[in-house]
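>>> Model the structure of this input:
(2 chains)
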Amino acid sequence: MSNGATTPSQTVGPYLHIGLPWADGPYALAESADGGIWIRGTLYDGAGDPVPDGLIETWQADPDGRFDHPDDPRGARSWPGFRGFGRCETDAAGRFGIRTLKPGPVPGADGALQAPHIDVSVFARGMLHRTVTRIYFPEETRANAADPVLAAVPESLRATLVARAAEDGAGSASEAGDYVFDIRLQGSGETVFFDI
Amino acid sequence: MSTDPRTGAVPLAAGYRRDHEVHPPLDYPGYASTALRHPKRPLQLLPHMLTEVTGPVLGEDRIGETDNDLTAQHEAEPQGQRIIVHGQVRDGDGTPVPHTLIEIWQANAGGRYRHTGDNWPCPLDPNFSGVGRTLTDENGRYRFVTIRPGAYPWGNHDNAWRPAHIHFSLFGRAFTQRLVTQMYFPGDPLFFQDPMWNSIPDEKARQRLVARFDYANTAPEWALAFEWDIVLRGRESTVFESEADDD
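Now for the predicted structure:
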């Protein structure tokens, strides 16, 4: 089938910070709501340098594995303050953070469950099109082992898609239950990116 | 659609068509900044399942009163030529995309952004922020009032200039439909040397980034008008299960 006449992508350019960030962007779960986790990370380029002019967006299911969207026939459960969508520009040190709820398992094809995951878009100056990756969770060993998307990724690269538990304290803002997910656009430890 | 009460299986909606040939490559030597910012390994195919066929539905609560009129956000009007930019958002099947958030950002009439990183020695305009938002209506239509942005130099290559453009960001209805792009103006003499423009492999696809001068909707003695339609990805004709069977 033809591709219709899709409008081509262009880079966000160096001035995305005036147009895209929202004050509440990082709060996929409202700041005032309970039970939130932070997923923090740094976006790195191929020289290992942080990318200060990037933007991270996340989209995910709720803790029941449901989406607030007409194409999820089950409908969403009520999770007060939960938007499912997060957006955070990177700071001068390439860092970003999203406050959210941990997603539940999501149905895949043929009734098989996908492990809890978060879809991620990466935008930056120097990227003519976004790249897409996924965040998985380190404690979900069995679910990750059975996940159809992870299974299609060469085993040696799967670790780039799994967040790590944040270390308590250590001079950072992290607490128990928080995660770290760094994104490497290129080079040593290059993150797996998806063709969607 | 509903879940199967016996098995609990969730029917998956059709995925969205991939459109690789339309978009620029991630690695484009003409645009120097791609060198360290493109993955070197091939992308991994991701079948479209629930996470990919759904997406954030962001509503009226994100839109302020003057967000779609960039000339009305300050005490006085900005410098420059007032323009109306309007059009329709559709998907690749021709279906309008209603109630979807569009965000824009742009330089002022002299080609300078209100951004701490922009050192182009053209004055900032105290009456222009260069940021707008709106929702498409039930027919997928949108409309902004703004001023025509200027071209500006940048450091990519010798005597490099960006053609005048407005940045657009759209969500569509699904994670797979997300699009960030730029609208250009007809007849711009700077296209030939612009790597972002030239990075799009197909000339016909490039032309889809150019707005049409729209005399019929020009507001007499007030504003010129440009019409620009945006097309997001269309749906697969078959559901995901049969696509998987082909693998």
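
>>> and residue B:216, helix, strand or coil?
Going by DSSP: H, G, I helix; E, B strand; the rest coil, the secondary structure assigned to residue B:216 is helix.

>>> I should have written residue B:205 there, sorry.
Look at residue B:205: counting by three-state DSSP, its state is helix.

>>> My guess is it contacts residue A:9. True?
No - counting by Cβ atoms under 8 Å, residue B:205 does not reach residue A:9; the two are 10.2 Å apart. Bear in mind the C-beta positions are built from the backbone N, C-alpha and C, glycine included.

>>> which residues in chain B form strands?
Listed in chain order, the strands found in chain B under DSSP state E are B:44-45, B:82-91, B:101-106, B:131-135, B:141-147, B:152-154, B:160-162, B:165-170, B:179-184, B:212-213, B:224-227, B:230-232.

>>> Could I get the full set of strands for chain A?
Going by DSSP E, chain A shows strands at A:37-44, A:54-60, A:85-89, A:95-100, A:106-107, A:113-114, A:117-124, A:131-136, A:164-165, A:179-180, A:183-184, A:194-195.

>>> Which residues belonging to stretch A:141-149 are considered buried?
Judged by neighbour count using 16 or more other Cβ atoms under 10 Å in any protein chain shown, the buried positions of stretch A:141-149 are A:143-144, A:147-149.

>>> what about the helices in chain B?
Under the criterion DSSP state H, chain B contains helices at B:50-53, B:195-198, B:203-207, B:240-245.

>>> Low-confidence regions, chain B specifically.
When the per-residue scores of chain B are filtered using pLDDT under 70, the ranges that remain are B:1-8, B:238-247.

>>> Chain A now?
Within chain A, the ranges that satisfy pLDDT under 70 run A:1-4, A:168-175.

>>> highest average neighbour count across the strands of chain A?
For these, the stretch with the most neighbours on average is strand A:54-60, a mean of 26; neighbours defined as mean count of other Cβ atoms under 10 Å in any protein chain shown.

>>> and that one, does that touch chain B?
Yes - with Cβ under 8 Å from any Cβ of the partner chain as the threshold, strand A:54-60 lies in contact with chain B, specifically through A:57, A:59-60.

>>> which helices and strands does that strand pack with?
For strand A:54-60, the elements it packs on are strand A:37-44, strand A:85-89, strand A:95-100, strand A:117-124, judged by 3 or more Cβ pairs under 8 Å, 6 or more residues apart in numbering or on different chains; DSSP states H and E.

>>> Residue B:92 is in contact with residue A:5, correct?
Yes - counting by Cβ under 8 Å, a contact exists between residue A:5 and residue B:92, whose distance comes to 7.1 Å.

>>> Now list whatever residues contact both of those two.
With contacts taken as Cβ atoms under 8 Å, 6 or more residues apart in numbering or on different chains, residue A:5 and residue B:92 have residue B:231 as neighbours in common.

>>> rewinding a little: turn the helices and strands packed on strand A:54-60 into JSON lines, including distance to residue B:190.
Converted to JSON lines, the helices and strands packed on strand A:54-60 look like this (distance: least, Cβ to Cβ, whole Å):
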{"stretch": "strand A:37-44", "distance to residue B:190": "30"}
{"stretch": "strand A:85-89", "distance to residue B:190": "28"}
{"stretch": "strand A:95-100", "distance to residue B:190": "33"}
{"stretch": "strand A:117-124", "distance to residue B:190": "23"}
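
>>> Out of the ones you listed, the one nearest residue A:69 is which?
strand A:85-89 (10.8 Å; Cβ to Cβ).

>>> Quick check: which helices or strands does that closest one pack against?
Helices and strands in packing contact with strand A:85-89 are listed as strand A:54-60, strand A:95-100; criterion 3+ Cβ pairs under 8 Å, 6+ apart.

>>> now with 10 Å?
Using 3 or more Cβ pairs under 10 Å, 6 or more residues apart in numbering or on different chains; DSSP states H and E as the contact criterion, the secondary-structure elements in contact with strand A:85-89 are strand A:37-44, strand A:54-60, strand A:95-100, strand A:117-124.

>>> Residue A:5 and residue B:92: which is more packed in?
Between residue A:5 and residue B:92, counting by other Cβ atoms under 10 Å in any protein chain shown, residue B:92 is the more crowded of the two (22 against 16).

>>> and residue B:205 and residue A:9? which has more neighbours close in?
The residue with more neighbours, out of residue B:205 and residue A:9, is residue A:9; 24 against 19, by other Cβ under 10 Å.

>>> Does that one touch residue B:28 like I think?
No - with contact taken as Cβ atoms under 10 Å, residue A:9 and residue B:28 are classed as non-touching, separated by 11.9 Å.

>>> Quick check, central residue of chain A?
Most central residue of chain A, judged by C-alpha distance to the mean C-alpha position with Cα atoms, centre = their mean, is residue A:120 at 3.5 Å.

>>> any idea how far chain B is from that one?
Note on residue A:120: its distance to chain B, by Cβ to the nearest Cβ, to the nearest Å, is 10 Å.

>>> for residue A:177, same thing?
When residue A:177 is compared with chain B (using Cβ to the nearest Cβ), they lie 22 Å apart.

>>> list the contacts for that residue?
With Cβ atoms under 10 Å, 6 or more residues apart in numbering or on different chains as the criterion, the residues that contact residue A:177 are A:35-38, A:102, A:165-166, A:168.

>>> any chance of those residues in CSV, plus distance to residue B:32?
Converted to CSV, the contacts of residue A:177 look like this (distance: Cβ to Cβ, whole Å):
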residue, distance to residue B:32
A:35, 45
A:36, 40
A:37, 38
A:38, 35
A:102, 40
A:165, 38
A:166, 35
A:168, 42
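
>>> Looking at those residues, which one is closest to chain B?
The shortest separation between chain B and any of those is 14.3 Å, and it belongs to residue A:102 (by Cβ to the nearest Cβ).

>>> Could you report the neighbour count for the closest one?
When neighbours are counted by other Cβ under 10 Å, residue A:102 registers 19.

>>> Now do the same contact list for it.
Per Cβ under 10 Å, 6+ apart, neighbours of residue A:102: A:35-37, A:39, A:60-63, A:116, A:118, A:137, A:139-140, A:177, A:179.
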